[in-house]
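> Task: produce atomic coordinates for the following.
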Amino acid sequence: MQSLKSERAKKEYEQFVKEVTPKQNLFCNMAKAFIVGGLICVVGQILLHIGKTQFSLSKDDAGSWCSLILILSSVILTGLNIYQKIVTFAGCGALVPITGFANSVAAPAIEYKKEGQVFGIGAKIFTIAGPVILYGVFASWLLGFLYWLWTAAGNWF
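Here you go, the predicted structure:
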């Protein structure tokens with residue numbers, strides 16, 4: 001008797017979950033991600049072009065300025081709660097470029113600022129981006145060390 005009730009409750013719960021779960025259109029989501037991610041990249045290319053032509057910057061300097069402007073724009077839009085709306089609309093199309101990484105650092109800082117500078121912002125700022133930074137730095141160090149060993153071994157022979 002008890003197992004019959006629990007089985008019926010389980011089926012009712014599964015039906016409820018199916019009813020309240022929003023339906024996703026995969027093609028539409030991919031199109032929105034492609035368009036928004038593409039627009040972010042187009043803005044980056046425009047910034048690169050302006051930096052090289054209007055300000056006579058080298059390719060590397062124009063790239064640095066382009067990155068800084070995109071990061072600053074993302075942080076400002078995150079602070080104004082606009083970037084989250086873009087992410088809700090575009091999904092990974094707004095999360096993958098450099099602007100998404102800046103958003104992942106700025107959002108926790110804004111969210112936890114009420115807890116103070118040290119225990120709020122200082123402790124929580126890298127909760128999302130921290131693992132990416134950690135493994136990126138470690139992988140870079142490891143590859144650099146292996147490269148150094150490879151070149152040092154070449155000089156010994």
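> Name the spans of the protein whose pLDDT lies under the cut-off.
For the chain, the stretches flagged by pLDDT under 70 are 1-2, 157.
> Pull the contacting residues for residue 97.
37, 40, 41, 44, 70 (Cβ atoms under 8 Å, 6 or more residues apart in numbering). (Glycine included, C-beta is placed from N, CA and C.)
> mind pulling up the phi and psi values for residue 72?
phi -60, psi -40 (degrees, to the nearest 10).
> Same question for residue 25.
In terms of degrees, to the nearest 10, the main-chain angles of residue 25 are phi -100, psi 110.
> Ok, residue 39 next?
According to degrees, to the nearest 10, residue 39 has phi -60, psi -40.
> before we move on, what about residue 32?
Per degrees, to the nearest 10, the backbone of residue 32 is at phi -60, psi -40.
> try residue 101
Torsion angles, degrees, to the nearest 10, at residue 101: phi -70, psi -40.
> Kindly provide the distance from residue 107 to residue 88.
Per Cβ to Cβ, to the nearest Å, residue 107 is found 13 Å from residue 88.
> Looking only at neighbour counts, state which of these two leads.
The neighbour comparison of residue 107 against residue 88 (other Cβ atoms under 10 Å) goes to residue 107, with 21 against 9.
> what's the helix or strand for that one?
Using DSSP states H and E, the element containing residue 107 is helix 98-111.
> Could you tell me which of the contacts of residue 97 belong to helices?
37, 40, 41, 44, 70 (DSSP state H).
> Turn the residues you listed into a markdown table, including distance to residue 9.
Formatted as a markdown table, the ones in helices among the contacts of residue 97 follow (distance: Cβ to Cβ, whole Å):
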| residue | distance to residue 9 |
| --- | --- |
| 37 | 43 |
| 40 | 47 |
| 41 | 49 |
| 44 | 53 |
| 70 | 51 |
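> Could you export these as JSON lines, including neighbour count and distance to residue 8?
Shown next, in JSON lines, are these (neighbours: other Cβ atoms under 10 Å; distance: Cβ to Cβ, whole Å):
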{"residue": "37", "neighbour count": "20", "distance to residue 8": "46"}
{"residue": "40", "neighbour count": "22", "distance to residue 8": "50"}
{"residue": "41", "neighbour count": "15", "distance to residue 8": "52"}
{"residue": "44", "neighbour count": "18", "distance to residue 8": "56"}
{"residue": "70", "neighbour count": "20", "distance to residue 8": "54"}
